[in-house]
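> Sequence and computational prediction follow.
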2 protein chains.
Amino acid sequence: MRLIETVAELQAEADRERAAGRRIALIPTMGALHEGHLSLIDEGRSRADRVFLSIFVNPTQFNQASDLDQYPRTFEDDLDQCKRRVVDVVFAPSAEEMYGPGSQTFVDVSELSQPLCGGNRPGHFRGVTTIVAKLLLAAKPHVAVFGEKDAQQLAVIRRMVADLGFDVEVVGAPIVRESDGIAMSSRNVNLHPEARRQATVLVAALDAAESMIAAGERDHAEILRRVNDEISKAPLATIDYAELRDPDTLAPSPGRLSGPALLALAVVFDAPAGESAAGVRLIDNRMLLAGTARGGGRKAEIHDP
Amino acid sequence: MRLIETVAELQAEADRERAAGRRIALIPTMGALHEGHLSLIDEGRSRADRVFLSIFVNPTQFNQASDLDQYPRTFEDDLDQCKRRVVDVVFAPSAEEMYGPGSQTFVDVSELSQPLCGGNRPGHFRGVTTIVAKLLLAAKPHVAVFGEKDAQQLAVIRRMVADLGFDVEVVGAPIVRESDGIAMSSRNVNLHPEARRQATVLVAALDAAESMIAAGERDHAEILRRVNDEISKAPLATIDYAELRDPDTLAPSPGRLSGPALLALAVVFDAPAGESAAGVRLIDNRMLLAGTARGGGRKAEIHDP
């Protein structure tokens, strides 16, 4: 496994692989790797000859300095996991490498970046699309793999890649869940133990909505009422959003669902009163009315590889 | 010479050339080719094995519909000129090919896009950087050649390429001038004959500034006063801007010049009173205090190839 820290070296490595006729998969991450990320490596491996994984906690996608400070960093452990999972190249640049002196160029996906996480995290997606554009230009991959947990991010990146004409296939990989159903996230380690227990309401809400759909319910408002009820069972939960949206355009779903709908949740879990731990914002989602192939999530088989 | 109209075909062509170890030069143009463009082809040829030239009148960089309508289009003649100058690939996509349904992604270079042409043409440079990013991703060139006549455009593109990490060398090619000194521009054909005669004040103003510098003058205000005087000798001229700027950051030059300074002009030449021709906005520039290698302009040897 090779560790590369500069864009120029990564481009040279990509050129060598391409000249040799080998396909490259890129897995962009912010580190603090968990089984969800490792499933992306496997997905990349199945579609390419070489797997490049980037680890970069991208400052421009954090709209609050405190969130950037608190984001977990486990670099040595990340490298160990990459070695065991047979990553070929880890790209771990500095912030100065990715945003040099006088840097002032941004990539913006205008409409898709507005709703959901875009509403409460201004500038977030501009940071995401800018860094993903830079990583695609640095790694020159044939395929790039992203987790479906970040459903809006995936939609925004698909749009950017299509609009600008990046010659790369964007692949979404299913959500990986803990044994109790919580979607794996680097942020989970920041949850207070009691908040961690209550966070199972997210998957309970998704399951409840899926059951309603299976039972024939199509009323948008009824489904969201039930979702809100499920989440409200957690006293530490504050809903940021719980919405049904078109999976591609992210436009609000119609009053009666008739096609694929993305149920997207963002909920802040605070620590119990008197405890000092900060609140942690979790997101989760499920594709409704769209079969099981996409966004349905799956249980991880190994929790601590 | 191959004519290509889709991004996918151009990318496949670029992949073939790259797999064969050949270097590609891209010349992005809006067509209406003149000797200035042809000099860019020669520059590209000297730096690469294959020359790709794009012809696309990019709607997003026109802030006025009338300007887009009036922009000259000479496609068949352009193709003839490319054949004679031995271009390998002409890429001539439709607007729909470059901006597909739901297109909403833009590339923005924030500060450099603000002054000079950015001030009077809002959104212009966002359109330029977006289409150039798309063209670079479509043609996958090793080198891209731009004319120094569009000095701010060149600075903005250099910034974008550096910031996003495009693996391409950006080359600026010297301004090519008519025998009377007017910088070649596709827009020149839209000038009323009398306006065309008066437009020589632009190069007269640049020459005057250069002479002042050669004689030891370093006072910013004195030089601009003389530049304004020269341009004012043309009754049909209305100055949009005449400024001395840092060539890379485009920050205003200090009160006393001490290093390289870009003298940048934008002037509208109207038709004489009573004539129906529309006004035409011309730009020109010269690098002062920077030797002769850059931006000094040169006479064209052939006017009608």
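Done, it's in. Residues are numbered from 1 along each chain as shown, chains lettered A, B, ... in the order given.
> List the contacts of A:D42.
Counting by C-beta atoms under 8 Å, 6 or more residues apart in numbering or on different chains, A:D42 touches A:R85. C-beta: built from backbone N, CA, C; applies to glycine.
> Report the secondary structure state of it.
With DSSP: H, G, I helix; E, B strand; the rest coil as the basis, A:D42 sits in helix.
> So which residues on the stretch 101-250 of chain A come close to chain B?
For the stretch 101-250 of chain A, the residues in contact with chain B (C-beta under 8 Å from any C-beta of the partner chain) are A:102-112, A:129-130, A:133-134, A:137-138, A:140, A:159-160, A:162-167, A:249.
> which of those residues are buried?
A:103, A:105-109, A:112, A:129-130, A:133-134, A:137-138, A:140, A:159-160, A:163-167 (16 or more other C-beta atoms under 10 Å in any protein chain shown).
> Please list the members of these that lie in helices.
Among these, DSSP state H puts A:T129, A:T130, A:A133, A:K134, A:L137, A:A138, A:R159, A:M160, A:D163, A:L164 in helices.
> and the fifth one, what does it touch?
For A:L137, the contacting residues are A:V7, A:Q11, B:L164, B:G165, B:F166, B:D167, by C-beta under 8 Å, 6+ apart.
> tell me the two of the residues you listed that are most distant?
Greatest spatial distance in the contacts of A:L137: A:Q11 and B:L164, 12.4 Å, computed using C-beta to C-beta.
> Look up how far A:F52 lies from A:S94.
A:S94 is 17 Å from A:F52, where distance means C-beta to C-beta, to the nearest Å.
> same question, A:F166
Plainly put, A:F166 is 15 Å away from A:F52 if you go by C-beta to C-beta.
> Would you indicate which residues of stretch A:67-86 are buried?
A:D67, A:Y71, A:T74, A:D78, A:L79, A:Q81, A:C82, A:R85.
> hang on, A:T6 packs against A:A92?
No: taking contacts as C-beta atoms under 8 Å, A:T6 lies outside contact range of A:A92: 10.2 Å.
> Quick check on those two: which one has the bigger neighbour count.
Taking neighbours as other C-beta atoms under 10 Å in any protein chain shown, A:T6 and A:A92 compare with A:A92 leading, 17 against 13.
> what pLDDT does the residue lying closest to that one once chain neighbours are set aside get?
Excluding its sequence neighbours, the residue lying closest to A:A92 (C-beta to C-beta, 6 or more residues apart in numbering or on different chains) is A:I55, at 4.6 Å. Turning to A:I55, the model gives it a pLDDT of 98.
> and A:I55, backbone torsions?
phi -120, psi 110 (degrees, to the nearest 10).
> Could you do A:T238 as well?
Dihedral pair for A:T238: phi -120, psi 120, per degrees, to the nearest 10.
> Just list the residues touching it, thanks.
Here A:T238 is in contact with A:V267, A:V268, A:F269, A:D270, A:G279 (criterion: C-beta under 8 Å, 6+ apart).
> Pull the number of nearby residues for the fourth one.
The local packing of A:D270 (other C-beta under 10 Å) involves 19 other residues.
> Okay, the closest residue to it other than its chain neighbours and A:V203: tell me how far apart.
Leaving out its chain neighbours, the residue that sits closest to A:D270 by C-beta to C-beta, 6+ apart is A:G279, at 4.3 Å. Using C-beta to C-beta, A:G279 is found at 19 Å from A:V203.
> So for these two, which residue has more residues nearby?
Set side by side, A:G279 and A:V203 show more neighbours around A:V203, with 21 against 15, by other C-beta under 10 Å.
> Distance check, that one against A:E243.
From A:V203 to A:E243 the distance is 17 Å (C-beta to C-beta).
> Give me the subset of the contacts of A:T238 lying in strands.
Using DSSP state E, the subset of those located in strands is A:V267, A:V268, A:F269.
> Now do the first one against chain B, distance only.
So that's A:V267. Using C-beta to the nearest C-beta, to the nearest Å, one gets 28 Å for the distance from A:V267 to chain B.
> What residues does that residue make contact with?
A:V267 makes contact with A:A199, A:V201, A:L202, A:I231, A:A237, A:T238, A:I239, A:D240, A:A242, A:R281, A:L282, A:I283, according to C-beta under 8 Å, 6+ apart.
> switch to 6 Å and redo it
Taking C-beta atoms under 6 Å, 6 or more residues apart in numbering or on different chains, we find A:V267 in contact with A:I231, A:A237, A:I239, A:L282.
> With the last one instead?
A:F269 is in contact with A:L191, A:A195, A:A199, A:L236, A:A237, A:V280, counting by C-beta under 6 Å, 6+ apart.
> can you give me the strands for the stretch 201-305 of chain A?
A:237-245, A:261-269, A:280-288, A:298-299 (DSSP state E, counting those that start in this stretch).
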